[in-house]
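K.L.:
what follows is a predicted protein model with its sequence.
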Amino acid sequence: MNKPLADRIRPEALEDVVGQRHLLTPGKALYNLIESGDIPNLIFYGPSGVGKTTVASIIANKTNRSLRKLNGTTASTQDIKDIVAEIGTFTAPNGILLYLDEIQYFNKRQQQTLLEFIENGKITLIASTTENPYFYVYPAILSRSTVFEFKSVEWQDIIPAINRGFDILAGENAVDISFEDGVAEKIARGSGGDVRKALNGVENCFYATPTVDASKQITLEIASQLTQKSSVRYDKDGDEHYDIISAYQKSMRGSDPDAALHYLARLLEAGDLPSACRRLMVCACEDVGLAYPQIIPMVKSCVDIAQAVGLPEAKIPLADAVILVATAPKSNSGVNAIDEAMADVSAGNYGPIPRQLQNKHFDGEDSEVKGQFYIYPHTFKNHWTYQQYLPDAIKDKTYYHYGDNKNEQAFKTYWDKVKGSGE
């Protein structure tokens, strides 16, 4: 059959949808809306293969409006106008329910055209997107829609769909089917929370297994070969990219080496070596910083090695560096200090550079005070003497506050002693 298995076994009732219990159990808002039959404009947001299209199809079956489908990757403004032209005709006497998949690919003008026709209520929109709708959907459409977030399906919840898929294939092909232990789990875990991908794996395993005496035995080996990678959800231009690198840095900042390694593995599995290296160096400077400043050249060295050897060997120096950053003492005193200084500069809170710091080599005849008056610190004990360095307008400003770690406190003790002497 040419129609994919995932489409052939698509659920027709909310109770049969895999996962999404936070939306589709009695008492939940989306469930109640669907059961009422009074459907507002909806936006379904979440990764692919988690039931957005299935739920939209179920909604279509519960309404007496004519269902039309468009895909944002291929549809044009004319397609919208053609659908609108049906309103009030015998093909759509009660209005139209438009299911628009991948709405994020509609440009602003296309979305504005769509808005014109959903405002009067003759078109009810159900749009789906894998990207954050608050970034990609025209605000006026958002304000007229209710957004529901669909989540990745837990692998345990996918197993019943996998078993059902094998049963359907066995019936369609008149064969008996058996499995080695762990086959369904292997396919489920390898789907990355995508039910459609899991069912594609079911088909692949079924047809890749030879039929002997009208029976098939699906082996763990064949399932492993066909699900070698765990379908890491990753799009370098999408939300998942930013979620992973955010979790990666926050895990290092939070001193959790296990979580940091997990997110490093996801970046490397997706082949995103640049992001793994960049965030690692940022974290070494931003989150460890002055608590252990020696870490910065060490991490840079690991990054250089990783980039020199490439994947897969790059995982080794990067893992060393990630563990080092995650387990190192932390201080953000450096980033706080520069943020405060930049805030002052951005706000115009500064003044002329003190005369003694200016690059003066001579004074003009009109200068009332001649001489630069710079004091050279190295001629004094401990290579320090008091001198004003900040402009007059902010001369008493303090940007840097010593962190409470051993390293910075040692520096503080030293300078308190030196500067306290008055020399």
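P.N.:
Okay, I see it.
K.L.:
make it CA atoms for all contacts and neighbour counts henceforth
P.N.:
Noted.
K.L.:
regarding the chain, what is its longest helix?
P.N.:
helix 155-172 (DSSP state H).
K.L.:
now that one: mean pLDDT?
P.N.:
When pLDDT is averaged over helix 155-172, the result is 89.
K.L.:
need the next SSE after that helix, C-terminal direction.
P.N.:
Next helix or strand after helix 155-172 toward the C-terminus (DSSP states H and E): strand 176-179.
K.L.:
neighbours around Ala347, how many?
P.N.:
8 (other Cα atoms under 10 Å).
K.L.:
swap in Ile323?
P.N.:
17.
K.L.:
quick one: pLDDT of it?
P.N.:
At Ile323, the pLDDT recorded in the model is 96.
K.L.:
for Pro274, see how far away the residue lying closest to it once chain neighbours are set aside is.
P.N.:
Among residues not flanking Ile323 along the chain, Pro257 sits closest, at 5.3 Å (Cα to Cα, 6 or more residues apart in numbering). Distance, Pro257 to Pro274, by Cα to Cα, to the nearest Å: 20 Å.
K.L.:
what does Thr211 give?
P.N.:
Taking Cα to Cα, one finds Thr211 at 46 Å from Pro274.
K.L.:
contacting residues around Gly46?
P.N.:
Lys52, Ser128, Thr129, Thr130, Glu131, Glu149, Phe150, Lys151, Ser152 (Cα atoms under 8 Å, 6 or more residues apart in numbering).
K.L.:
from these, which land in helices?
P.N.:
Per DSSP H, the contacts of Gly46 map to helices at Lys52.
K.L.:
hmm, back to that, tell me which of Pro257 and Pro274 has more neighbours.
P.N.:
Between Pro257 and Pro274, counting by other Cα under 10 Å, Pro257 is the more crowded of the two (19 against 14).
K.L.:
so the more buried one makes contact with Ser251?
P.N.:
Yes: counting by Cα atoms under 8 Å, Ser251 is a contact partner of Pro257 at 7.1 Å.
K.L.:
joint contacts of the two?
P.N.:
Ala326.
K.L.:
circling back to that earlier point, now the contacts of Gly46 as CSV including neighbour count, distance to Ala410 and pLDDT?
P.N.:
Output for the contacts of Gly46, formatted as CSV (neighbours: other Cα atoms under 10 Å; distance: Cα to Cα, whole Å; pLDDT from 0 to 100):
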residue, neighbour count, distance to Ala410, pLDDT
Lys52, 26, 57, 87
Ser128, 29, 56, 89
Thr129, 23, 53, 88
Thr130, 21, 50, 81
Glu131, 20, 48, 80
Glu149, 18, 50, 89
Phe150, 22, 51, 89
Lys151, 21, 49, 84
Ser152, 18, 49, 80
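K.L.:
for Lys69, give the beta-bridge partners.
P.N.:
With DSSP bridges as the criterion, Lys69 is bridged to Tyr99.
K.L.:
and it, how far is that from Ala308?
P.N.:
For Lys69, the distance to Ala308 equals 49 Å [Cα to Cα].
K.L.:
now do the strands in the stretch 101-250 of the chain.
P.N.:
Along the stretch 101-250 of the chain, the segments classed as strands by DSSP state E, counting those that start in this stretch run 123-129, 146-149, 176-179, 215-218.
K.L.:
what mean pLDDT does the last one have?
P.N.:
In this case it means strand 215-218. pLDDT averaged over strand 215-218 gives 90.
K.L.:
can you list the residues that contact it?
P.N.:
Val175, Asp176, Ile177, Ser178, Phe179, Glu180, Val183, Cys205, Phe206, Thr209, Pro210.
K.L.:
pull out the buried members of those residues.
P.N.:
Asp176, Ile177, Val183, Cys205, Phe206 (16 or more other Cα atoms under 10 Å).
K.L.:
can you pull the contacts of the last one?
P.N.:
Right, Phe206. Here Phe206 is in contact with Phe166, Leu169, Lys216, Ile218 (Cα under 8 Å, 6+ apart).
K.L.:
what is the burial count for Glu221?
P.N.:
Neighbours of Glu221 using other Cα under 10 Å come to 12.
K.L.:
please identify which pair of the contacts of Gly46 lies farthest apart.
P.N.:
The largest separation in the contacts of Gly46, counting by Cα to Cα, is between Ser128 and Ser152 at 14.7 Å.
K.L.:
about what we covered before: now distance to Ile34 too, for the strands of the stretch 101-250 of the chain, in TSV please.
P.N.:
Formatted as TSV, the strands of the stretch 101-250 of the chain follow (distance: least, Cα to Cα, whole Å):
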stretch	distance to Ile34
strand 123-129	12
strand 146-149	13
strand 176-179	37
strand 215-218	39
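K.L.:
Leu267: which of those strands is closest?
P.N.:
strand 123-129 (22.8 Å).
K.L.:
now the closest one: how far from the chain's centre is it?
P.N.:
Taking Cα atoms, centre = their mean, to the nearest Å, the mean C-alpha location of strand 123-129 is offset from the chain mean by 23 Å.
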